[in-house]
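Trainee: coords please:
(chains A and B)
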Number of protein chains: 2
Amino acid sequence: MTATDQRLATSSAPVRGAVDMTHGAGGRAMADLIRDVFQKHFNNDYLAQGNDGALLGKVHGRLVMATDAHVVSPLFFPGGDIGALAVHGTINDVAMMGARPLWLSASFILEEGFSLAALEKIVVSMALAAREAGVPVVTGDTKVVEKGKGDGVFISTTGIGVLADETDVSGSNARPGNAIIVSGTMGDHGVAILSKRENLDFETEITSDSQPLHNLVAAMLAAAPGVRVMRDPTRGGLSATLNEIAQQSKAGMVIREADVPVKPEVAAACELLGLDPLNIANEGKLVAICEAADAQVLLAVMQAHPKGRDAAVIGEVIADRHALVRMQTRLGGMRVVDWIAGEQLPRIC
Amino acid sequence: MTATDQRLATSSAPVRGAVDMTHGAGGRAMADLIRDVFQKHFNNDYLAQGNDGALLGKVHGRLVMATDAHVVSPLFFPGGDIGALAVHGTINDVAMMGARPLWLSASFILEEGFSLAALEKIVVSMALAAREAGVPVVTGDTKVVEKGKGDGVFISTTGIGVLADETDVSGSNARPGNAIIVSGTMGDHGVAILSKRENLDFETEITSDSQPLHNLVAAMLAAAPGVRVMRDPTRGGLSATLNEIAQQSKAGMVIREADVPVKPEVAAACELLGLDPLNIANEGKLVAICEAADAQVLLAVMQAHPKGRDAAVIGEVIADRHALVRMQTRLGGMRVVDWIAGEQLPRIC
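Mentor: Just a heads-up that it's a prediction; the model follows:
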């Protein structure tokens, strides 16, 4: 039995031990890690090519590219983990362009001493998320940094998608009179992370909404091809996303607090912690802006889709050269929905 | 003057201070950083779209995708820095598939407290490298981790390239009788990093060979379209790369020590440090494998190119079911060129 045969014979054994510096060094230890963890679970023909990158084939249509680094802490949280999140986050960024995600790449920065069993659990979750979404991880890279120079694992994913000729979705397309729709409840992901991080015990466990939205987006575009803007309110929450779009489109917005869906347990947790659910990150929700005439059709399609059941029209785009986002409060007043300078929750994604 | 006007008016001021947690939070501080550092220097129409990803247009031909995380330490070294390296590394991975690199994405993981001036210097270097190579950075992402949970900055880049129909380059294509060529001297990058890291003073400063190889590859494919294998010997050096190819192609190799180009100062440093230049990373060199009949044409084209002046034929592929790589030493003996298990130099790229 050669050394190679021996390694092949043991390749389905469970992975034990911890990441050490050799796992990033380009030698045999790294090749073993790639085979026993990454190739084993991602398991597709692209990765099996074994070259410096993946050969993907031809695409008919305009390409879209999006990338995200993931540094969420803790790595495992109610409703997800960094692996599934890294898949969902980049699929959603591609989908928010109106495009169909086709392929993902993944690069891992591992900290020396990180448990290989935890890494495998993350990769299994990532592979499952990719398989469920139908978007394979086709190429990757692994680096290792010394203990105390990283934090377990960071994962950067990049996605390629294809955009139909007739689709024109952009943050700069909002126009006065357009309707603003959200696909579901706000703040779930951020509050789930925070409650896990701070060991808070709520009566109802709050789980992350981490999920891929590309199939919801496809259904929306089929029903209302003229959708003008789509964006997922991740870091900074709905407030940051609406302010970004308002600035890109040079238009104002008015939303109604009473119409923004927030789960009672998330609202309660936010009140307890002094947080505003509009500033809290989501990882499986989107904001859509469309012609007022399309709003009811779009809403119906979203509510009929498993990933948009709680969709709601929350407000309108208005003419405003200051591009302010304002909210009619439950009490009837009007307040500016500010784009916070800083941070409510670090390392949320 | 609105807050927005005020920010725009000051956008060309130099960047001062340090990264803090707000720079990764999705709020205004992050938007300012993106505008004042990333958009300012990368400065292209793709980034100016301001959406969750970049709309790239149509591509005629097969797509290729490659990704690399960069964690090199120190961040600045003789002959380059992490920014230029992150551009060159991924361009080269795409080029090694025989493809023409078209676009790059970049995701940054910043450590709290990292100097914004150093970050800007890195981004300037990255932008220059991208411009010189003609491969723009079209989309990106920034995350911030707490002090002690990262190490200054890590950069993951992903590249998309297009592959001509007639090109078939893969690590599994080496066949007995093929010639093995390297494009230049081995070990420069790794020894440059090590000497900087360890504050070693050699008579001649050893500089990294960090450079993009896609134009050299294009010239090679034009002259010898039948090139079978191309790969850049980065982590693990020439030894790891030849062993990888040997295993993929299920063939052996014999190289001649006297024919492998190594700069005298690199050879001297390696001898002093007890390192083997064949195990040391390169960041601007490639290994090519071609039919013996093509070798002299290919060699001439490489030597005529500014990035392949020291190219040399170093050996042949042979039939060997154990896929061993062996070397005829200067003294006339034969030794196995082993694929080292571990690490000679951590965080080399």
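Trainee: need the helices for chain A, in chain order.
Mentor: For chain A, the helices defined by DSSP state H cover A:3-9, A:28-33, A:40-42, A:45-48, A:82-95, A:116-133, A:188-197, A:214-223, A:237-249, A:264-273, A:295-304.
Trainee: could you dump those helices to CSV with mean pLDDT, distance to residue B:191 and mean neighbour count?
Mentor: Glycine gets a C-beta too; all of them are placed from N, C-alpha and C. Below are these laid out as CSV (pLDDT from 0 to 100; distance: least, C-beta to C-beta, whole Å; neighbours: other C-beta atoms under 10 Å in any protein chain shown):
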stretch, mean pLDDT, distance to residue B:191, mean neighbour count
helix A:3-9, 38, 29, 11
helix A:28-33, 88, 21, 20
helix A:40-42, 95, 35, 20
helix A:45-48, 92, 32, 15
helix A:82-95, 98, 35, 29
helix A:116-133, 98, 31, 20
helix A:188-197, 93, 43, 25
helix A:214-223, 98, 47, 21
helix A:237-249, 96, 46, 25
helix A:264-273, 93, 53, 16
helix A:295-304, 98, 58, 17
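Trainee: need these in CSV (columns: distance to chain B).
Mentor: Listed next are these as CSV, based on distance: least, C-beta to the nearest C-beta, whole Å:
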stretch, distance to chain B
helix A:3-9, 7
helix A:28-33, 5
helix A:40-42, 13
helix A:45-48, 9
helix A:82-95, 4
helix A:116-133, 14
helix A:188-197, 10
helix A:214-223, 12
helix A:237-249, 5
helix A:264-273, 16
helix A:295-304, 19
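Trainee: between those, which one is nearest to residue B:286?
Mentor: Between residue B:286 and those, the shortest separation by C-beta to C-beta is 19.9 Å, and it involves helix A:28-33.
Trainee: ok, now which ones touch the spatially most central residue of chain A?
Mentor: Chain A has residue A:89 as the residue nearest its centroid, 2.1 Å off, counting by C-alpha atoms, centre = their mean. Each residue near residue A:89 by C-beta atoms under 8 Å, 6 or more residues apart in numbering or on different chains is listed here: A:68, A:70, A:157, A:234, A:283, A:349.
Trainee: ok, and which of those residues reach chain B?
Mentor: A:68, A:70, A:234, A:349 (C-beta under 8 Å from any C-beta of the partner chain).
Trainee: number of nearby residues for the third one?
Mentor: Read it as residue A:234. 24 (other C-beta atoms under 10 Å in any protein chain shown).
Trainee: which among the contacts of residue A:89 gets closest to chain B?
Mentor: residue A:68 (4.8 Å; C-beta to the nearest C-beta).
Trainee: OK, contacts around that closest one?
Mentor: Residue A:68 makes contacts with A:86, A:89, A:90, A:93, A:156, A:157, A:158, A:349, B:107, B:141, as judged by C-beta under 8 Å, 6+ apart.
Trainee: before we move on, what about residue A:295?
Mentor: For residue A:295, the contacting residues are A:179, A:181, A:313, by C-beta under 8 Å, 6+ apart.
Trainee: any idea how chain A splits into domains?
Mentor: Domain assignment for chain A, taken from automatic domain parsing, gives A:3-163, A:179-336.
Trainee: in CSV, list those along with distance to residue B:163.
Mentor: Converted to CSV, these look like this (distance: least, C-beta to C-beta, whole Å):
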stretch, distance to residue B:163
domain A:3-163, 7
domain A:179-336, 26
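Trainee: and the ones next to chain B among the contacts of residue A:89, which is closest to residue A:28?
Mentor: Proximity of the ones next to chain B among the contacts of residue A:89 to residue A:28 (C-beta to C-beta) peaks at residue A:70, which lies at 28.3 Å.
Trainee: beta partners of the closest one?
Mentor: Taking DSSP bridges as the rule, residue A:70 bridges to residue A:155.
Trainee: ok, it touching residue A:156?
Mentor: Yes - in terms of C-beta atoms under 8 Å, residue A:70 counts as a neighbour of residue A:156; the distance is 7.0 Å.
Trainee: who touches both of those two?
Mentor: Joint contacts of residue A:70 and residue A:156 (C-beta under 8 Å, 6+ apart) are residue A:86.
Trainee: wait, what's in contact with residue A:252?
Mentor: Residue A:252 is in contact with A:246, A:317, A:318, A:319, A:320, A:322, A:323, A:324, A:325, A:326, counting by C-beta under 8 Å, 6+ apart.
Trainee: what's near enough to touch the residue lying closest to it once chain neighbours are set aside?
Mentor: Computed as C-beta to C-beta, 6 or more residues apart in numbering or on different chains, the closest residue to residue A:252 that is not its neighbour in sequence is residue A:320, at 2.6 Å. Shown in contact with residue A:320 (C-beta under 8 Å, 6+ apart): A:246, A:251, A:252.
Trainee: find the nearest non-adjacent residue to the first one, please.
Mentor: With C-beta to C-beta, 6+ apart as the measure, residue A:323 is the residue that lies nearest to residue A:246, at 4.3 Å, once sequence neighbours are left out.
Trainee: reformat the contacts of residue A:68 as TSV; add distance to residue B:61.
Mentor: As requested, those are exported to TSV (distance: C-beta to C-beta, whole Å):
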residue	distance to residue B:61
A:86	29
A:89	29
A:90	24
A:93	25
A:156	26
A:157	24
A:158	20
A:349	34
B:107	26
B:141	27
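Trainee: what is the nearest of the residues you listed to residue A:278?
Mentor: Using C-beta to C-beta, the contacts of residue A:68 come closest to residue A:278 at residue A:349, 16.9 Å.
Trainee: give me the neighbour count for that closest one.
Mentor: Count around residue A:349 with other C-beta under 10 Å applied: 27.
Trainee: I figured it hits residue A:235, correct?
Mentor: Yes - using C-beta under 8 Å, residue A:349 is in contact with residue A:235, at 6.2 Å.
Trainee: residues shared between the contacts of these two?
Mentor: residue A:281.
Trainee: what bits of the stretch 201-349 of chain A have low per-residue confidence?
Mentor: The stretch 201-349 of chain A contains residues with pLDDT under 70 at A:341-344.
Trainee: hmm, which two among the contacts of residue A:68 are most spread apart?
Mentor: The most widely separated members of the contacts of residue A:68, counting by C-beta to C-beta, are A:158 and A:349 (15.4 Å).
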